[in-house]
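Participant: Starting from these lines, generate the structure:
(2 chains)
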2 protein chains.
Amino acid sequence: MSVLEPSVSTAVPGPQTQAAIQALGEVFDARAVQIVADYDKSEGNYLVDVDGNRFLDVYSQIASIPVGYNNKHLIAAASSPTMVSALVNRPATGNFPSLAWNDALKNGLMKAAPPGLKYIFTAQSGSEANELAFKAAMMLYMRRKRGLGVEWTDEESSSCLNNAKPGSPELAIMSFENSFHGRGFGSLSTTRSKAVHKLDIPAFNWPKAPFPALKYPLEAHVEENKAEEQRCLDAVEELIKTWVSPVTAVIVEPIQSEGGDNHASADFFQGLRDLTKKHGVALIVDEVQTGFGSTGKFWAHEHWNLTSPPDLVTFSKKAQTAGYFFGDELLIPDKAYRQFNTWIGDLARVLVSKAIIEEIQANDLVAQTARVGDLLYAEIEKLALKYPGGKVANLRGKNRGTYIAFDTTDPAKLIASMRKLGVTIGSCGKSTIRLRPMLIFTEEHIPLLVGALDKALSEL
Amino acid sequence: MSVLEPSVSTAVPGPQTQAAIQALGEVFDARAVQIVADYDKSEGNYLVDVDGNRFLDVYSQIASIPVGYNNKHLIAAASSPTMVSALVNRPATGNFPSLAWNDALKNGLMKAAPPGLKYIFTAQSGSEANELAFKAAMMLYMRRKRGLGVEWTDEESSSCLNNAKPGSPELAIMSFENSFHGRGFGSLSTTRSKAVHKLDIPAFNWPKAPFPALKYPLEAHVEENKAEEQRCLDAVEELIKTWVSPVTAVIVEPIQSEGGDNHASADFFQGLRDLTKKHGVALIVDEVQTGFGSTGKFWAHEHWNLTSPPDLVTFSKKAQTAGYFFGDELLIPDKAYRQFNTWIGDLARVLVSKAIIEEIQANDLVAQTARVGDLLYAEIEKLALKYPGGKVANLRGKNRGTYIAFDTTDPAKLIASMRKLGVTIGSCGKSTIRLRPMLIFTEEHIPLLVGALDKALSEL
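Facilitator: Okay, here's the model as predicted:
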């Protein structure tokens, strides 16, 4: 990958960007637009805007670009006859798939399936993937409760049309404080990150468990953090035992991303696996943001070396498509059309995903990200020493590839300074800067990012 | 469009299809697969399967193919550099759109916006579109209740993170008996069609109004049907007045599609518009299946000549993308990031949609569908006379383009017979055959469809 200096020659946002935002605002909510991009001129790690400014992009479209702008292998896939057909002849996949669907799954997404998981259900967004996983867990719970092979009663079948029991049972999904799992009515009921996501929208009465609030540096707080994780696990078990409705699944992010890049140890997650197994609760690992290599493993949960795999693993973002993997055949509902919709994903996006997986594997990008991440972490650790007083606090993400984050005193100001210096960077939680470079971010890009950070921090 | 005889030379499903279903079933739930398609060989109204059988397709991928397989104008759009870029450089549209996004909206979807509606929010599926519309209606309701410009309280902001009042209020969406609005936890709570869609999934306590059960032929039951529609409107008003939580929106399909192709009169929908206006309730018209021309108007609700437009109109399926149109600027939430997600739709699919709209307009396909639909209806009316005793009962869809349906005695058997005769046709509700030809279905295709129906009905 070419290494270029960022280049900013206008105010940010520049005049062309401002005009474009105004034009778009005539028909579409454009208040959150930060950059109006010129994707034809963007390449690799660099995002170019319509004013001709070139940014080193370590935010990557909210952590969703895996192998760089205008990646050549992806362009080839996007230009293929198979792709054109997928765009023009969009199938109702559940009823009328083609052989290309079988091929795209088996030689694409399934090549990246988490260890131990052998089935897939496809979707179009992380929110949808999580809700489909909830539904799979709930249907399995009720199937077991009813007894395998036992038919639905007339009362069940009729009451559900009225949203009433017993057909529409009260079943819960447990999530963790500060989690983000999406914005549909089900996924939003498990999201606990910010009021802006949730306010004014009805929610299910589902339980929220505390997530470990670890203290940094980790090596200075070993016993304290261990106790904190045990406290959270105890709370999880207590909620499973006492909640007003059956907890059918626990959903957890390997690293809470929107909520502030909050980590927990492999022991904590093994404990969660043990507890969910013990109580017959499905464990859903939400890898929407962590999946596809950026933590230095293809799936972040591979860092845990669990004794048995999660029941369901959801994905989206860098996959450029979405869905869930699972291992237990019983998670396929008892009847066809239970888990179903018109399109069940999008072959066009699944073909892009296949090309991404090929590109990652051909270039060993997960190992590269692990290696580059270690170097990047060490450099930011130096900045933490250089800037005490909260400017670079609670540095985290060691041994997690480039999935690095730190707290700072004024994230909005730091992000604006970085933008002027030609770096697009993101925040999360209350006061956290999160790094989300692409998998093609190399050793050579580190000085550009760290140099800009150094300058911006010095002015903070 | 070329008119070809259907051609079936193997058992249905044929040996290649059966082998492909088995292979797909190794990783994906393939129980609902009916045909494994060879899209390279499919063209126009004809779907070809991997056994070489050629079907006249009047089901159109669950009513989602608008202008035919391998449409040349769509192929050109799908092969364009703009498309390749949209596939490879997928933007987080709310933060980093390109000029292509502005162009695709304004010269694409907005060219097809329902009369009176001037804003758009994009999505990826009909379920998502409906849920986003619910959220927009709820946020506006609470904004008005709170007072325009009044800030959120600390209690609201903190309680919503616990899914608790007042931040997570109890607000309702009203839907109709037999309706289908999707399968997310919110949209599914408004779906009332079949147990297979809803059973075992928790639902919100939202009201269900009766939908008119009209008697056919309409001209023989004028007074009776008028009274039935008034009964339903009275029930809607009573539910709005008395439901345990505020009804923030009513969602309705112009023709209840999955639920059995149930129609109501323009007067009924005007009555619904009047009632929702009177009580400050948003009217959401779900045009996911009815939109994009097949009723002989671009939007089915244009048949009603409403005195004021719906508040929100949702779309998907034949649009090949999804979202909602709206007219009131206040439906844009009070803050940015309230209605938001990573991708907010997919430019690639919005580009396909633009090409579809161009193709429809260039060839006047809506007017053609109105004209062809009238002829088709007249032919099926003849079959209804020829086959009394319930084989073709309650024929409906007059003056609604090709959106024609009838009840029959054994829909599964009729569909299977039609498949053997080389026609792919669909059912809905309990005993209804629904016609969903593409907009390129012409006068010349009518004899093929009606001839096969005649034969299949004679053997029923």
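
Participant: Domain ranges for chain A, per the record?
Facilitator: A:34-63+A:363-457, A:79-360 (the TED database).

Participant: Can you add mean pLDDT and give these back as TSV?
Facilitator: Shown next, in TSV, are the domains of chain A (pLDDT from 0 to 100):
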stretch	mean pLDDT
domain A:34-63+A:363-457	98
domain A:79-360	98
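
Participant: Tell me which of these approaches residue B:245 most closely.
Facilitator: Residue B:245 lies closest to domain A:79-360 among these, at 8.1 Å (Cβ to Cβ). Yep, even glycine has a C-beta here, placed from its N, CA and C like the rest.

Participant: so how far does the closest one reach from one end to the other?
Facilitator: One end of domain A:79-360 to the other measures 19 Å (Cα to Cα, to the nearest Å).

Participant: Stretch A:408-428 now?
Facilitator: 11 Å.

Participant: gap between the residue of chain A positioned farthest from its centre and residue B:429?
Facilitator: Largest separation from the mean C-alpha position in chain A: residue A:154, at 40.2 Å (Cα atoms, centre = their mean). Separation of residue A:154 from residue B:429 (Cβ to Cβ, to the nearest Å): 18 Å.

Participant: do residue A:242 as well
Facilitator: Taken as Cβ to Cβ, the span from residue A:242 to residue B:429 is 43 Å.

Participant: and the host helix or strand of residue A:447, how far out from the chain's middle?
Facilitator: Using DSSP states H and E, residue A:447 maps to helix A:446-458. Centroid separation for helix A:446-458 versus its chain: 26 Å, with Cα atoms, centre = their mean, to the nearest Å.

Participant: How about stretch A:199-215?
Facilitator: Its chain's C-alpha centre and that of stretch A:199-215 lie 18 Å apart, by Cα atoms, centre = their mean.

Participant: same question, stretch A:173-180
Facilitator: That offset, for stretch A:173-180, works out to 14 Å (Cα atoms, centre = their mean).

Participant: Same check on stretch A:309-325?
Facilitator: 9 Å.

Participant: re the thing from before, now the domains of chain A in a markdown table, with distance to residue A:4?
Facilitator: Shown next, in a markdown table, are the domains of chain A (distance: least, Cβ to Cβ, whole Å):
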| stretch | distance to residue A:4 |
| --- | --- |
| domain A:34-63+A:363-457 | 6 |
| domain A:79-360 | 21 |
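
Participant: of these, which approaches residue B:327 most closely?
Facilitator: domain A:79-360 (20.8 Å).

Participant: Which helix or which strand is home to residue A:323?
Facilitator: strand A:322-326.

Participant: That strand close to chain B?
Facilitator: No. Shown here: strand A:322-326 not in contact with chain B (Cβ under 8 Å from any Cβ of the partner chain), separated by at least 9.1 Å.

Participant: Tell me the helices and strands packed up against whichever helix or strand comes after that strand.
Facilitator: Per DSSP H and E, the first helix or strand lying C-terminal to strand A:322-326 is helix A:347-362. Here helix A:347-362 touches helix A:72-78, helix A:81-88, helix A:99-106, helix B:81-88, helix B:347-362, going by 3 or more Cβ pairs under 8 Å, 6 or more residues apart in numbering or on different chains; DSSP states H and E.

Participant: now these in TSV, with distance to residue A:252 and mean neighbour count?
Facilitator: Shown next, in TSV, are the helices and strands packed on helix A:347-362 (distance: least, Cβ to Cβ, whole Å; neighbours: other Cβ atoms under 10 Å in any protein chain shown):
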stretch	distance to residue A:252	mean neighbour count
helix A:72-78	31	19
helix A:81-88	33	21
helix A:99-106	26	21
helix B:81-88	32	21
helix B:347-362	31	23
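
Participant: and the residue nearest the centre of chain A, what does it touch?
Facilitator: Central residue of chain A (Cα atoms, centre = their mean): residue A:289, 1.7 Å from the mean position. Taking Cβ atoms under 8 Å, 6 or more residues apart in numbering or on different chains as the criterion, residue A:289 is in contact with A:63, A:126, A:253, A:255, A:257-258, A:317.

Participant: Among the residues you listed, name the buried ones.
Facilitator: Neighbour-count burial (16 or more other Cβ atoms under 10 Å in any protein chain shown) applied to these gives A:63, A:126, A:253, A:255, A:257-258, A:317.

Participant: From residue A:83, how far out is the residue in the stretch 351-460 of chain A positioned nearest to chain B?
Facilitator: In the stretch 351-460 of chain A, the residue found nearest to chain B is residue A:352; the distance is 5.8 Å by Cβ to the nearest Cβ. Using Cβ to Cβ, residue A:352 is found at 8 Å from residue A:83.

Participant: What's the end-to-end length of stretch A:16-30?
Facilitator: 15 Å.

Participant: Now do the buried residues in it.
Facilitator: Neighbour-count burial for stretch A:16-30 [16+ other Cβ under 10 Å]: A:16-18, A:20-21, A:23-24, A:27-30.

Participant: can you tell if it touches chain B?
Facilitator: Yes. Stretch A:16-30 reaches chain B (Cβ under 8 Å from any Cβ) through A:20, A:23-24, A:26-30.

Participant: again, but for stretch A:175-189
Facilitator: Yes. Using Cβ under 8 Å from any Cβ, we find that stretch A:175-189 touches chain B at A:177, A:182-187, A:189.

Participant: Stretch A:162-173 now?
Facilitator: Yes. Under the criterion of Cβ under 8 Å from any Cβ, stretch A:162-173 makes contact with chain B via A:162-163, A:167-171.

Participant: And those residues, which of them are buried?
Facilitator: Burial by neighbour count, judged by 16+ other Cβ under 10 Å, picks out A:162-163, A:167-169, A:171 from the residues of stretch A:162-173 next to chain B.
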